[in-house]
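>>> need a structure here:
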Amino acid sequence: MAEATGFKDGLSRGGGSGELRQSNLTAILRFLRDHGASSRHDTARGCGLGVSTMTDLVGDLRARRLVAELDPIRRPGAGRPTRPIALDGEPWCVMGVHVEVERVHVRGATVGGTDLWQETAEAVFAEHHDGAAVLADVIVAQLPNVPEGQQLVAVEIAVPGYVATDGQSVSSRALGWDGVGVGKAVRSALADAGLPDVSVGLSSDFHLAGLFAARSLLSDASSTVAAYFGGVSEVGSALVVNGEIFRGAGGGAGDLAHLHVQLDGTRCWCGRHGCLNSVIRVQELLVQAGLHDEEAAAELVVTDPDAALSLLVDAANAGDTRVVEALEKAGSALGRAVDDVVGSVNPHAVVLGGYLGRLAPFLLPALDRQLRARVHEGPYADTRILVTDEAEPPVAAGAVLAARDACLYDPLGLTTPLR
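Coordinates of the predicted model:
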């Protein structure tokens, strides 16, 4: 509740009545997003709004089909029935886009959260000199999937790399991009297709995976802090604070995969020795477990990452001593990183997803031993370690959440009254 009020106050200090109205509308939408259908009284109290102001704002949101009134509910005791309000958003469409080296995953949904379509398009960026243009073409090709009578208002693009402080250009080792102007290219392509006002956002892929994990696993995500560790074959990570991605000063916050956990560890692609990713990535685990030499492990992880992970899981389940020992050491390394995060960030929860989630039964005993001293201290005693059973990090789903948020945070700019 306090977060919604703080958001309103933070915007209203610097602008006039237009900004104040926008921030109040957003406060209502965020409250309903985080708490579900609520009475006007509870919503007004949670957002720090007066009853008369609330009535006017809800009228505007209903006209834009962003909220809807539900059937009356009679509470115990005397008094008139209450009509709860809830998010609507069905006329407005968003797109979540997950960029990989040779594929682009796209999911469409309404601002209200109804799934509309899901597709995967082939796009080998290494074969083209202008990767931003290739991606823009893929996104425009998805426009016929927008149902008749609905309007696309926001696109969120998840990239395997870092987004610059301008929020629109990308540097990605995996894609070979260095400051590529993805946002400008996509906006231009959408404008050429007759959609000049669509919001285009970019985020790191694991930021969005963490966002989805936090909001789906934590019942009170709007007032909690979560750290996320996941990945397909290497570690990706994020920090989610009060249900929002914590990006830091330059957009790189939450890069927990490169915490130093081993003095003389293997060299990582980042240039460091002994960072978490270099020690517990699947390729290194295959080598340490004696299942493959370095060259064969690297090839298998690239060509069939699921088979590489299954090889570890099956051998561990069979009781292969060397594999179990390798995973125990990996659990200790992960525990050292989690211990540092718990001590420095003091999150309510640490989430293990992706391949770490599948390996969790073999990692958690050693991880728990590393945390034993920490969690005996009062401030850290309630930190939870949560495990997801996702087949892959839910990046596209997180991108849909961020795209929906774009509309909730700018209702006056991205929607119009429909009645």
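>>> From residue 408, how far off is residue 213?
As for residue 213, its distance to residue 408 is 20 Å (criterion: CB to CB, to the nearest Å). To be clear about C-beta, it is placed using only N, CA and C from the backbone, and glycine gets the same treatment.
>>> Neighbour count: these two, which is higher?
Taking other CB atoms under 10 Å, residue 213 and residue 408 do not tie; residue 213 has more neighbours (31 against 21).
>>> What segments of the stretch 51-200 of the chain are strands?
Ranges of strands in the stretch 51-200 of the chain, per DSSP state E, counting those that start in this stretch, are 67-69, 85-87, 92-99, 103-110, 115-122, 151-159, 162-163, 170-172, 177-180, 199-204.
>>> Looking at the shortest one now, give me its mean pLDDT.
Along strand 162-163, the predicted local confidence has a mean pLDDT of 92.
>>> List of residues touching that strand?
Residues outside strand 162-163 that contact it (CB atoms under 8 Å, 6 or more residues apart in numbering) are 169-172, 202-204, 251-252.
>>> With distance to residue 187 and mean neighbour count as extra columns, can I get the strands of the stretch 51-200 of the chain in TSV?
Formatted as TSV, the entries for the strands of the stretch 51-200 of the chain read as follows, by distance: least, CB to CB, whole Å; neighbours: other CB atoms under 10 Å:
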stretch	distance to residue 187	mean neighbour count
strand 67-69	28	19
strand 85-87	26	20
strand 92-99	13	27
strand 103-110	17	21
strand 115-122	19	13
strand 151-159	9	25
strand 162-163	15	22
strand 170-172	14	20
strand 177-180	14	17
strand 199-204	5	24
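>>> closest one to residue 311 among the ones you listed?
Between residue 311 and these, the shortest gap by CB to CB is with strand 103-110, which sits at 23.1 Å.
>>> helices or strands next to the closest one in the packing?
strand 92-99, strand 115-122, helix 131-140, helix 395-409 (3 or more CB pairs under 8 Å, 6 or more residues apart in numbering; DSSP states H and E).
>>> can you rerun that using 6 Å?
On a contact count with 3 or more CB pairs under 6 Å, 6 or more residues apart in numbering; DSSP states H and E, strand 103-110 meets strand 92-99, strand 115-122, helix 395-409.
>>> pLDDT below threshold where in the stretch 101-250 of the chain?
Using pLDDT under 70 as the threshold, the predicted model of the stretch 101-250 of the chain has low-confidence ranges 127.
>>> In the record's domain split, what are the boundaries for the chain?
Domain assignment for the chain, taken from automatic domain parsing, gives 2-87, 92-207+396-414, 220-391.
>>> what's the residue lying closest to residue 85 once chain neighbours are set aside in contact with, if anything?
Nearest residue to residue 85, sequence neighbours excluded (CB to CB, 6 or more residues apart in numbering): residue 67, at 5.1 Å. Under the criterion of CB atoms under 6 Å, 6 or more residues apart in numbering, the contact partners of residue 67 comprise 61, 85, 88.
>>> buried ones in the helix or strand hosting residue 358?
If you go by DSSP states H and E, residue 358 is part of helix 354-375. By neighbour count with 16 or more other CB atoms under 10 Å, helix 354-375 contains the buried residues 354-360, 362-364, 366-367, 370-371, 374-375.
>>> swap in stretch 178-192?
Judged by neighbour count using 16+ other CB under 10 Å, the buried positions of stretch 178-192 are 180-183, 185-190.
>>> Equivalent analysis for stretch 264-272, please.
Within stretch 264-272, the residues that count as buried by 16+ other CB under 10 Å are 265-266, 268, 272.
>>> Check stretch 247-261 too.
By neighbour count on 16+ other CB under 10 Å, the buried set for stretch 247-261 is 247, 251, 253-261.
>>> Contacts only, for the residue nearest the centre of the chain.
With distances taken as CA atoms, centre = their mean, the residue of the chain nearest its centroid is residue 208 (2.1 Å). The contact partners of residue 208, taken as CB under 6 Å, 6+ apart, are 158, 395, 398-399.
>>> Spatially nearest residue to it (excluding sequence neighbours)?
For residue 208, the spatially nearest residue (CB to CB, 6+ apart) is residue 398, at 3.1 Å.
>>> give me the number of residues near the closest residue to residue 70 other than its chain neighbours?
Counting by CB to CB, 6+ apart, residue 70 lies nearest to residue 84, which is 4.6 Å off, once chain neighbours are set aside. Residue neighbour count, defined by other CB under 10 Å, stands at 18 for residue 84.
>>> same deal with residue 385?
For residue 385, the neighbour count with other CB under 10 Å is 17.
>>> Could you look up the SS state of it?
In the three-state summary, residue 385 is assigned as strand, counting by DSSP: H, G, I helix; E, B strand; the rest coil.
>>> Identify all residues paired with it through a beta bridge.
Taking DSSP bridges, one finds residue 350 as the beta-bridge partners of residue 385.
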